[in-house]
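[1] Provided below are the primary sequence and the corresponding predicted coordinates.
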Amino acid sequence: MAAFSIFNVAGSAMAAQSQRINAVASNMANADSVAGPDGKPYQARQVVFEYAPLARQANASLATANLAGGGLATQMASRSAGLGGVRVSSVELSDAPARQEYRPDHPLADEQGYVTFSNVDPVAEMVDMIAASKSYEANVEVFNTSKSLLRKTLTLGE
Amino acid sequence: MSFHQQALGLRAERQQVLATNIANADTPGYLARDIDFSATLAKATAGNAAAGPLALNTTQAGHQAASGAGLSLGADLLYRVPTQPSLDGNTVDMDVERVNFADNSLHYEASLELLTGKIQGLRLAMQSENS
């Protein structure tokens, strides 16, 4: 039903934004880490968002089931086309150069005395976190507004 | 009654379009969509008189033509003209979307109130005098 898929839209956005905040948390936690288990410095994670149309999978069965009936199903499919949520298509590793510090006494220093840290930019991560949390809040508001409107619709005429 | 029904359906649909925009505010390459409410409503109410999507087929000379209103909204999804597009090709302007969302919610509630008033009026008219 069309009225309830708004929750899927807002919910998918909340899930995607929380995954973005998780990536930021992982990056911030590893901002000063020197080398992971594989011996390489930590690379910053960045989630990539992608538009995820809801209409296709929701109405695909309806459209095929009513193919002979024509009219209504195709009309519904076309009405919901262009609506959809968001999903995380991939998590990319940042290619930014790793931070190097001259610390000859450090146990993990190389021959020249440099220690390689992760390539996390804490300032950019903080900005990303704030942006993600604001987007999350906006979607929570969409969810709550739609919920109260639907609740009022259910008691229509009373 | 039918007018408010159409308006309410259209408001619900627009609400969903705006929710999609807000959800995809950070999606690279996403283009903000919207529907022209008044034009679509005018089309929907005008299309009510003509044969709707639930019209009966007439295959015999004796058949009478009948049309159902259905929900023949058929809203055209348009693209919003970006005022300040971002570098990743996203044209969602959060301020515009939030304002439109609040505006649309309020109008939805108004339509709901009007429908409630109509239903209550009808219910009052149907009640017997001495109850």
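    Everything's here; your move.
[2] quick check on A:Gln46: phi, psi?
    phi -130, psi 130 (degrees, to the nearest 10).
[3] list the residues that contact it.
    Contact analysis of A:Gln46 by CB atoms under 8 Å, 6 or more residues apart in numbering or on different chains lists A:23, A:91-94. Just so you know, the C-beta spots here come from the backbone N, C-alpha and C atoms, and that holds for glycine as well.
[4] and the residues you listed near chain B, which?
    When contact is defined as CB under 8 Å from any CB of the partner chain, the contacts of A:Gln46 do not meet chain B at all.
[5] most neighbours among those residues, which one?
    Neighbour counts for the contacts of A:Gln46, by other CB atoms under 10 Å in any protein chain shown, peak at A:Ala23, which reaches 21 neighbours.
[6] do I have it right that that one meets A:Phe49?
    No. Applying CB atoms under 8 Å as the test, A:Ala23 and A:Phe49 come out as separate, 11.6 Å apart.
[7] show me where the chain has strands.
    In the absence of a named chain, this looks at chain A. Ranges of strands in chain A, per DSSP state E, are A:45-53, A:84-93, A:100-102, A:114-116.
[8] not quite, I wanted chain B
    B:33-35, B:77-79.
[9] which outside residues touch the last one?
    In this case it means strand B:77-79. Contacting residues not belonging to strand B:77-79 are listed as A:81-82, B:17, B:31-36, B:91 [CB under 8 Å, 6+ apart].
[10] just the first one next, same as before
    Residues external to strand B:33-35 that are found in contact with it (CB under 8 Å, 6+ apart): A:82, B:10, B:13-14, B:17-18, B:20-21, B:75-80, B:100.
[11] spit out the contact partners of residue 10.
    Since you didn't name a chain, this refers to chain A. Listed by CB under 8 Å, 6+ apart, the contact set of A:Ala10 reads A:85, A:139-140, A:142-143, A:146, B:19, B:22-23.
[12] wait, chain B
    B:35, B:37, B:40-41, B:44, B:73, B:75.
[13] shaky segments in the chain?
    In the absence of a named chain, this looks at chain A. For chain A, applying pLDDT under 70 flags the ranges A:1-3, A:36-38, A:55-82.
[14] wrong one, I was asking about chain B
    Checking chain B against pLDDT under 70 turns up B:47-55, B:66-74, B:130-131.
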